[in-house]
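> 3D model of this:
(one chain, ligands or ions: 1)
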Amino acid sequence: MSNVPVAVVTGSNKGIGLAIVRALCKQFPGDVYLTARDPGRGQAAVAQLQQEGLRALFHQLDVDDPQSIRALRDFLKEKYGGLNVLVNNAGIAFKVNDTTPFAVQAEVTLKTNFFGTRNVCTELLPLMKPYGRVVNVSSMVSSSALRGCSQELQQKFRSDTITEEELVQLMNKFVEDTKKNIHQKEGWPNTAYGVSKIGVTVLSRIQARLLNEQRKGDHILLNACCPGWVRTDMAGPQAPKSPEEGAETPVYLALLPSSADAPHGQFVSDKTVRAW
Ligand code: NAP
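Next up is the predicted model:
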């Protein structure tokens, strides 16, 4: 088994994820895994970094596929005995003008952004080594979507005692409500992406609380963040930030020094803790 520190970035064959891997290759003292659902796209990205003189390693990971997540878990356990840095970056968004029915958009978006991220956490968080760092890439849209929720939902999502099971139930309820076209009546905002990112931010708050309760002495720091509005296939060419600039806050959180005890359980953008 290797004692080398190891970092994993999900959805990192392009966009912000690739920029996070690039920065970690330069700054993280250990092995950096670029992961992708499609091995061809993943290997091509590794080759691109190699051209730049950077060494990333590759492992397949489709966050929608529990088998794929378990295969990565087993690999990390076997080869490294755990994990030091996890960046949950993989995500999807339908374009604004997409004509796919809203209920389908809701189910598909929640599947990857919320349930996929959660499934990765379920398998990989138990592997986190002491002083590990976990970064869940959410979005500012989670905050605006929260403000678009009914008072009752806002209270639940801001609660310091909400459980992961309760959050999962609420995310499932959103999908079911969109199928019946009653989601707005039930207090949800009209954005599937926004609700999926509410899920990611609230999940991060819950996970940080559980780490406090169950692994206090291990100094693991876990946060959600927004990369900003970034020029990628998702956000388009008009966005103000380059992928490298978008990677700055996630990388800052991934590399918080071992002396740090904060931020933890926060929503962070531009390296600044934001109110939730
Ligand atoms: P992007 O360029 O579209 O990249 C998304 C990445 O996620 C791709 O590598 C994609 O792989 C991967 N992915 C999608 N579904 C996956 C799955 N099931 N399993 C594994 N990987 C999967 O988007 P981006 O702008 O870099 O976004 C990265 C993250 O930042 C997302 O979580 C996004 O919501 C968040 N974010 C972005 C912005 C922005 O302005 N760009 C703002 C706020 C938050 P494929 O190539 O195979 O599709």
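> how about the nearest residue to Ile206, chain neighbours excluded?
Spatially, and ignoring its direct neighbours in sequence, Ile206 is nearest to Glu164 (5.3 Å; C-beta to C-beta, 6 or more residues apart in numbering). From N, CA and C alone the C-beta is placed, and that goes for glycine too.
> cool, and Asp38?
Closest to Asp38 by C-beta to C-beta, 6+ apart is Asn13, at 7.1 Å.
> okay, now the one you found: neighbour count?
Number of residues near Asn13 (other C-beta atoms under 10 Å) recorded here: 24.
> separation between it and Cys225?
Noted for Asn13: a distance of 20 Å to Cys225, by C-beta to C-beta, to the nearest Å.
> which other residues reach the lengthiest strand in the chain?
The longest strand of the chain (DSSP state E) is strand 128-137. By C-beta atoms under 8 Å, 6 or more residues apart in numbering, the residues outside strand 128-137 that reach it are 16, 81-89, 91, 117, 121, 125, 200-201, 203-204, 207, 217-227, 250, 253-256, 258.
> and these, which of them are buried?
16, 82-89, 91, 117, 121, 125, 200-201, 203-204, 207, 219-227, 250, 253-256 (16 or more other C-beta atoms under 10 Å).
> residue contacts, the residue of the stretch 51-200 of the chain found nearest the ligand?
Here the stretch 51-200 of the chain gets closest to the ligand at one residue, Gly91, 2.5 Å apart by C-beta to the nearest ligand atom. Contact analysis of Gly91 by C-beta under 8 Å, 6+ apart lists Gly11, Thr112, Asn113, Thr117, Val137, Ser196, Met234.
> go again using 7 Å as the cut-off
Gly91 makes contact with Gly11, Thr112, Asn113, Val137, according to C-beta atoms under 7 Å, 6 or more residues apart in numbering.
> swap in Cys225?
With C-beta under 7 Å, 6+ apart, Cys225 has these contacts: Val135, Val137, Ser138, Thr249, Pro250, Leu253, Val268, Ser269.
> and the next element down the chain from the longest strand of the chain?
helix 140-147 (DSSP states H and E).
> near the ligand at all, that next one?
No: against the ligand, helix 140-147 shows no contacts by C-beta under 6 Å from any ligand atom, the least distance being 6.6 Å.
> tell me what that helix is packed against?
Where contact means 3 or more C-beta pairs under 7 Å, 6 or more residues apart in numbering; DSSP states H and E, helix 140-147 is packed against helix 192-214.
> got the CA coordinates for the helix it packs on in PDB?
C-alpha atoms of helix 192-214 as PDB (Å, rounded to 0.1, in the frame of the first residue of the first chain):
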ATOM      1  CA  ALA A 192     -34.300  22.200 -11.100                       C
ATOM      2  CA  TYR A 193     -30.600  23.100 -11.100                       C
ATOM      3  CA  GLY A 194     -31.200  25.500  -8.200                       C
ATOM      4  CA  VAL A 195     -32.900  22.900  -6.200                       C
ATOM      5  CA  SER A 196     -30.200  20.300  -6.900                       C
ATOM      6  CA  LYS A 197     -27.600  22.800  -5.600                       C
ATOM      7  CA  ILE A 198     -29.700  23.600  -2.500                       C
ATOM      8  CA  GLY A 199     -29.300  19.800  -2.000                       C
ATOM      9  CA  VAL A 200     -25.500  20.000  -2.400                       C
ATOM     10  CA  THR A 201     -25.100  22.900   0.000                       C
ATOM     11  CA  VAL A 202     -27.400  21.500   2.700                       C
ATOM     12  CA  LEU A 203     -25.800  18.000   2.300                       C
ATOM     13  CA  SER A 204     -22.500  19.600   3.000                       C
ATOM     14  CA  ARG A 205     -23.800  21.300   6.200                       C
ATOM     15  CA  ILE A 206     -25.100  17.900   7.400                       C
ATOM     16  CA  GLN A 207     -21.900  16.100   6.500                       C
ATOM     17  CA  ALA A 208     -19.800  18.600   8.300                       C
ATOM     18  CA  ARG A 209     -22.000  18.300  11.400                       C
ATOM     19  CA  LEU A 210     -21.700  14.500  11.300                       C
ATOM     20  CA  LEU A 211     -17.900  14.800  11.100                       C
ATOM     21  CA  ASN A 212     -18.000  17.000  14.200                       C
ATOM     22  CA  GLU A 213     -20.000  14.400  16.000                       C
ATOM     23  CA  GLN A 214     -18.200  11.300  14.800                       C
END
